[in-house]
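K.L.:
Kindly return the folded structure for what I paste below:
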Amino acid sequence: GLQVNSWISKYKPGHSAYLLPDGSLLRSGMLTDSYFKGTGAGGIIERFSWDGKLTWSYTLSDSLQCQHHDIYPMPNGNILAIVWEKKASNEMTFPMTSSTPSMIWTEKIVEIHPEGASGKIVWEWKVWDHLIQQDDPSKKDFGAVAEHPERISMHYTSAGSTSQTIDWIHLNSISYNAELDQIMVSSYGFSEIWIIDHSTTTQEAAAHQGGRHNKGGDLIYRWGNPMAYNRGQAEDRRLFHQHTAYWIPKGYKDEGKIMILNNGIDRPNGNYSSVDVIAPPMLNAKTGTYLVPEGYQPFGPASPAWSYADSATFRAPNISGAQRLPNGNTLICNGPFGHFFEITPQKKVVWQYKSPVWHLGVATQGTTIMGNFVFRSTLYPPDYPAFKGRKLVSGEPIELNADATIPTMQSQRFVPVRGIQ
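P.N.:
Have a look, this model is predicted:
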């Protein structure tokens, strides 16, 4: 628990941060004057040198759009970001009710190329271009939802209501597979992960043809909740408002598979959380071509290849994440409780730490704290390039008045008000 380095920003998290191979920190920040006030709101992306100097920033927030939740540093130096995009509800084709808001926030993904002190968007993909509805035959997006699993239904939310909430899709994580040139996002609102082809141009990404898989910007794979595309029932649902979906890197246990922090909200047998690893059925693993089931069947697999759960002790109702480690273990972040713990493949806890930072700042050791939220935790091994040539000197413990004779600080267990993160 000794501090090695820290960075200071004018902005609270918005929400993710990455230590880059050159030792700099890439993170998103929350603009307090943003038009978008939803949970997970960001609006500015910053890069700091190892010694804390702000070297680059990019603002992506106005009355029509706002970066939120997650970003992802690409190998080419560009940055992927998920962005809310405001639309009027009457532009959608779904049954309007008295509770339907006058506007909705749909989603888009942008790729930002840093240039000097700012940057420019060089590629983008929009949910708006890939919607489908089966109410109004006169509209171009009309079709049978079950016949088009590559499209995103206007009729669905995880709450099972056609009266949409403003933030009806709510993407909360983004990841990139350079070998496959694919992007994966996690949709809280649909309780699904979606994969799209990044080999497209922006024009192709707005269409239904083009790119390596000739699907344009349509979904090439989805998993977690076949009710979202009318190919399953409640018992077929596997994800429950999940976070942090990513591909396990090469050389790691279960390499190439997908790890997901399955928060478990509305899980039929209890609101406990799990870490699930899935192996998507492939037609061609080398090209990243997924098996699209016929006959109105849902995307596979039917169940995870590996899963960890402890219904008594592991309940993370929002935020949170998991990471496969080089030694084969798994690091899990129980975000609402600021609790990080490492488990072996046999699911034995071998290390744990609780964040001593809460809404009042850094706490004094021995204090009972609550609200020490952490969006996600990440381990960087000793041979990570960022540490090469740097003398990593451990400083003091982060908590104040640290004393080994004082019992370890405990996070108070409580049931937080249900919120979407």
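
K.L.:
which residues of this structure fall in helices?
P.N.:
Secondary structure of the chain (DSSP state H): helices located at 202-205.

K.L.:
low pLDDT regions in it?
P.N.:
Along the chain, the model assigns pLDDT under 70 to residues 93-100, 158-164, 404-421.

K.L.:
Trp289: how many residues sit nearby?
P.N.:
Careful, residue 289 is Thr and not Trp. Look at Thr289: counted by other Cβ atoms under 10 Å, it has 15 neighbours. Where C-beta positions appear, they are placed from N, C-alpha and C, glycine not excepted.

K.L.:
What distance do you get for it to Arg231?
P.N.:
Computed as Cβ to Cβ, to the nearest Å, the Thr289 to Arg231 distance reads 20 Å.

K.L.:
now swap in Phe240 and tell me
P.N.:
18 Å.

K.L.:
In PDB, could you pull the C-alpha coordinates for stretch 234-253?
P.N.:
Provided in PDB are the C-alpha atoms of stretch 234-253 (Å, rounded to 0.1, in the frame of the first residue of the first chain):
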ATOM      1  CA  ALA A 234     -35.400 -14.300 -19.800                       C
ATOM      2  CA  GLU A 235     -33.800 -17.600 -18.900                       C
ATOM      3  CA  ASP A 236     -31.300 -17.100 -21.900                       C
ATOM      4  CA  ARG A 237     -29.900 -13.900 -20.400                       C
ATOM      5  CA  ARG A 238     -26.300 -14.100 -19.200                       C
ATOM      6  CA  LEU A 239     -25.200 -10.500 -18.500                       C
ATOM      7  CA  PHE A 240     -26.800  -8.200 -15.900                       C
ATOM      8  CA  HIS A 241     -25.700  -4.600 -16.300                       C
ATOM      9  CA  GLN A 242     -22.000  -5.500 -16.800                       C
ATOM     10  CA  HIS A 243     -18.800  -3.400 -17.000                       C
ATOM     11  CA  THR A 244     -15.200  -3.700 -18.300                       C
ATOM     12  CA  ALA A 245     -15.300  -6.100 -21.200                       C
ATOM     13  CA  TYR A 246     -11.900  -6.800 -22.800                       C
ATOM     14  CA  TRP A 247      -9.900  -9.300 -24.700                       C
ATOM     15  CA  ILE A 248      -7.400 -11.300 -22.600                       C
ATOM     16  CA  PRO A 249      -3.900 -10.600 -24.100                       C
ATOM     17  CA  LYS A 250      -1.700 -13.100 -25.900                       C
ATOM     18  CA  GLY A 251       0.500 -15.100 -23.500                       C
ATOM     19  CA  TYR A 252      -2.000 -15.000 -20.700                       C
ATOM     20  CA  LYS A 253      -4.200 -17.800 -19.500                       C
END
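
K.L.:
Run the chain-centre distance for that stretch.
P.N.:
11 Å (Cα atoms, centre = their mean, to the nearest Å).

K.L.:
wait, doesn't Ser63 sit right on Lys86?
P.N.:
Yes. Ser63 is within contact range of Lys86, at 7.2 Å (criterion: Cβ atoms under 8 Å).

K.L.:
okay, and the common contacts of those two?
P.N.:
Taking Cβ atoms under 8 Å, 6 or more residues apart in numbering as the criterion, Ser63 and Lys86 both touch Tyr35.

K.L.:
So if I had to pick from those two, which one is more boxed in?
P.N.:
More crowded of Ser63 and Lys86, by other Cβ under 10 Å: Lys86, with 16 against 9.

K.L.:
Which residue is the nearest non-sequential neighbour of that one?
P.N.:
Closest residue to Lys86 apart from its sequence neighbours, by Cβ to Cβ, 6 or more residues apart in numbering: Leu64 at 5.1 Å.

K.L.:
Could you count how many residues lie near that neighbour?
P.N.:
By other Cβ under 10 Å, neighbour count at Leu64 equals 12.

K.L.:
go on, His113?
P.N.:
His113: 15 surrounding residues under other Cβ under 10 Å.

K.L.:
again, but for Arg267
P.N.:
19.

K.L.:
go on, Gly389?
P.N.:
7.

K.L.:
go on, Asn271?
P.N.:
Neighbour number of Asn271 under other Cβ under 10 Å is 18.

K.L.:
show me what contacts the closest residue to it other than its chain neighbours?
P.N.:
Spatial nearest neighbour of Asn271, chain neighbours left out: Gly264 (5.3 Å); criterion: Cβ to Cβ, 6+ apart. Shown in contact with Gly264 (Cβ under 8 Å, 6+ apart): Phe240, His241, Gly270, Asn271, Tyr272, Ser273, Ser274, Arg315, Ala316, Pro317.

K.L.:
run the last query once more with 10 Å
P.N.:
Taking Cβ atoms under 10 Å, 6 or more residues apart in numbering, we find Gly264 in contact with 239-242, 270-274, 309, 311, 314-317.

K.L.:
same question, Asn284
P.N.:
Here Asn284 is in contact with Tyr290, Leu291 (Cβ under 10 Å, 6+ apart).

K.L.:
Could you check how far it is from Trp84?
P.N.:
Asn284 is 35 Å from Trp84, by Cβ to Cβ.

K.L.:
Repeat that for Thr202.
P.N.:
19 Å.

K.L.:
Thr200 too?
P.N.:
Applying Cβ to Cβ, the value for Thr200 to Trp84 is 22 Å.

K.L.:
More neighbours: these two, which one.
P.N.:
Taking neighbours as other Cβ under 10 Å, Thr200 and Trp84 compare with Trp84 leading, 30 against 23.

K.L.:
Would you agree that one is in contact with Ile169?
P.N.:
Yes. Here Trp84 reaches Ile169: they are 9.1 Å apart, a contact under Cβ atoms under 10 Å.

K.L.:
Mutual contacts of the two, please.
P.N.:
Joint contacts of Trp84 and Ile169 (Cβ under 10 Å, 6+ apart) are Ile104, Trp105, Thr106, Glu107.
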